[in-house]
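K.L.:
A predicted structure for the sequence below; I have some questions about it.
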There are 2 protein chains.
Amino acid sequence: MTDRPVLAPTRGELAALLADARRAGRPVGLVPTMGALHEGHASLVREARARVGDGPVVVSVFVNPLQFGEGEDLDRYPRTLDADLDVCAREGVDVVFAPSVEEVYPGGVPAGSTSGMVTVEPGPLGSVLEGRSRPGHFAGVLTVVAKLFGLVRPDVAVFGQKDYQQLALIRRMAADLCLGVDVVGAETVREADGLALSSRNRYLDDEQRTEALALSRALHAAQEAAAYGLAPALDAARAELRAAKAVDLDYLEVTTPGLDSLPDPVPPGTEARVLVAARVGTTRLIDNMPLRIGAAPHDQTPDQQGDH
Amino acid sequence: MTDRPVLAPTRGELAALLADARRAGRPVGLVPTMGALHEGHASLVREARARVGDGPVVVSVFVNPLQFGEGEDLDRYPRTLDADLDVCAREGVDVVFAPSVEEVYPGGVPAGSTSGMVTVEPGPLGSVLEGRSRPGHFAGVLTVVAKLFGLVRPDVAVFGQKDYQQLALIRRMAADLCLGVDVVGAETVREADGLALSSRNRYLDDEQRTEALALSRALHAAQEAAAYGLAPALDAARAELRAAKAVDLDYLEVTTPGLDSLPDPVPPGTEARVLVAARVGTTRLIDNMPLRIGAAPHDQTPDQQGDH
């Protein structure tokens, strides 16, 4: 049995709850979430705890309207604060910051993600991959994360690698705007069958959930085939995705770990990232995995590489 | 006699110098400057000192390339660090943070003000007035101020009202991104003849300096004539500016104190701001003053207003 964390619905209450730790110089950890917490979030909390020791761990629960585009799932996004508090209690979270929209945007939410207020501009990395399908999304994400960093003043903030581009952009923001926050990426948690945990998985019916497995299968296939080069990796992944009739592919891309374009040709042994986004029914899912291009999975020697 | 302030050329030295104050909970004051310090900057330092008491006052000296456009005066902008340190010594500044460009932009300065890195986007207020003549200027200003706030973590930061739009945008940034910094605007310091102090005044020769007085004369004329309405205020200011042949007007505008458009018609007694920008030779100068539209300067009664 653990105590429930203290719920802070306002900036003032949040600041008051963190004042003691601040005065005592204890580090503060933050796990920003949109709620609908699952085992993936729990793993982020454990990572934060490992980093701050006896300092407070704060989980923020806020469905940020600024990062949703028109026609996206802002209205139906699951809100489950009571269950979220249970998860946080089990994981020993100290403070749950669950503000209202008005508390975060006292001047109202600007129409369009970068008008009407001062916002954070992601730069070119914000317009590729997810950004191409979701214009304004990352401006909305970075702006709210900057706000949360300002309100919580964490020493460490933990994000999931499942939202890989988001993690990369938040890392860059922390560096480029000198936010003084150590941004940590935690590994994606998956179901036994490979499906990456996501709050949006609960939109899927049984049949769609089975079809959705094509995403992780495609990424694994790319990892395996990457030993033979970039084109085989992409072909193997595409074959898996094509076989799943209910999966409507948005993008499948292989980039550097920093999300830049790969050199052409790709030097053998290059570390890379394969990323996928697809719609299953009306549900948009994303996933990604690391891969190594032009090297066999098990310590291939340079001699063997020469065969491909 | 006062000791010279400690010069911190790097982030690390800056952080080390502020660590004691931080631990002791003493407030930190920041006066961001581009150097070439004059009595206007000295007044900002005194304002910061009044706010933080025995806490440290930091003056940053950094000519920020990101806020200069092509063809602007980045290269010839005056660099006078030794004299700046003397001014800071006289005013009892504790730390002068004077970083290199590489220290502030370790990844290089992006070409164009909002590409290549994560930046701060000013929103619509960044594209009017100064922003119309200087595209990207305020993105550059807000980005470097966000960085300085991140590196210094001030409780209070003091800016001059001479750069009125800059002050308004920095206030909005602090609020919209929850930076936790109290942004203070200090009154413009003027020469006895009315010229607003500016580091760029040193570009002017004697004749140009005399012509440049038309800016403050125009603003005063607008203040006086504002009793009779908006149009008379603008007319009076324009007449002064037209009379100065060497003054090439960029804009003359009257806005709300928050830089929004005035309502039409303007209700009597409306508080407003008159702003001017002009080129004198190759030197671009700006100035602004408060004014009150539709009320006589000395407690005019409603009856008297009826005459106009």
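P.N.:
Good, I have the coordinates.
K.L.:
helix or strand for A:Leu291, which one?
P.N.:
Using DSSP states H and E, A:Leu291 falls within strand A:283-293.
K.L.:
and the closest residue to A:Val6 other than its chain neighbours, how far is that from chain B?
P.N.:
The shortest distance from A:Val6 to any non-neighbouring residue, by CB to CB, 6 or more residues apart in numbering or on different chains, is to A:Val95 (5.4 Å). C-beta coordinates here come from the backbone N, C-alpha and C atoms, glycine included. Taking CB to the nearest CB, to the nearest Å as the measure, A:Val95 and chain B are separated by 16 Å.
K.L.:
Let me see the contact set for A:Val95.
P.N.:
A:Pro5, A:Val6, A:Ala8, A:Leu14, A:Leu17, A:Leu18, A:Pro56, A:Val57, A:Val58, A:Val59 (CB atoms under 8 Å, 6 or more residues apart in numbering or on different chains).
K.L.:
now do A:Ala222
P.N.:
Per CB under 8 Å, 6+ apart, neighbours of A:Ala222: A:Ala233, A:Leu234, A:Ala236, A:Ala237, A:Val254, A:Val274, A:Met289, A:Leu291.
K.L.:
Regarding it, what is its secondary structure?
P.N.:
Assigned by DSSP: H, G, I helix; E, B strand; the rest coil, the conformation of A:Ala222 is helix.
K.L.:
Nearest residue to the closest residue to chain B within the stretch 1-150 of chain A in space, ignoring adjacent ones along the chain?
P.N.:
Across the stretch 1-150 of chain A, the shortest distance to chain B (CB to the nearest CB) belongs to A:Gly150, at 3.3 Å. Spatial nearest neighbour of A:Gly150, excluding adjacent residues (CB to CB, 6+ apart): B:Cys178 at 3.3 Å.
K.L.:
Tell me how far the one you found lies from A:Pro65.
P.N.:
16 Å (CB to CB, to the nearest Å).
K.L.:
Kindly report the same for A:Ala19.
P.N.:
Applying CB to CB to A:Ala19 and A:Pro65 gives a distance of 29 Å.
K.L.:
end-to-end on stretch A:147-162?
P.N.:
22 Å (CA to CA, to the nearest Å).
K.L.:
Same check on stretch A:195-215?
P.N.:
End residues of stretch A:195-215 are separated by 8 Å (CA to CA).
K.L.:
List the contacts of A:Leu234.
P.N.:
By CB under 8 Å, 6+ apart, the residues touching A:Leu234 are A:Ala222, A:Leu252, A:Val254.
K.L.:
hmm, back to that, assign the residue nearest to A:Gly150 to helix, strand or coil.
P.N.:
Criterion first, three-state DSSP; result for B:Cys178: coil.
K.L.:
count of residues packed around it?
P.N.:
By the criterion of other CB atoms under 10 Å in any protein chain shown, B:Cys178 has 19 neighbours.
K.L.:
And it, how far from A:Val189?
P.N.:
Taking CB to CB, one finds B:Cys178 at 30 Å from A:Val189.
K.L.:
Spell out which residues of chain A are next to chain B.
P.N.:
When proximity is defined as CB under 8 Å from any CB of the partner chain, chain A approaches chain B at A:11, A:23, A:25, A:107, A:110, A:114-124, A:139, A:142-143, A:146-148, A:150-151, A:153, A:169, A:172-173, A:175-180.
K.L.:
just checking, which of those belong to strands?
P.N.:
Of the residues of chain A next to chain B, the ones assigned to strands by DSSP state E are A:Thr119, A:Val120, A:Glu121.
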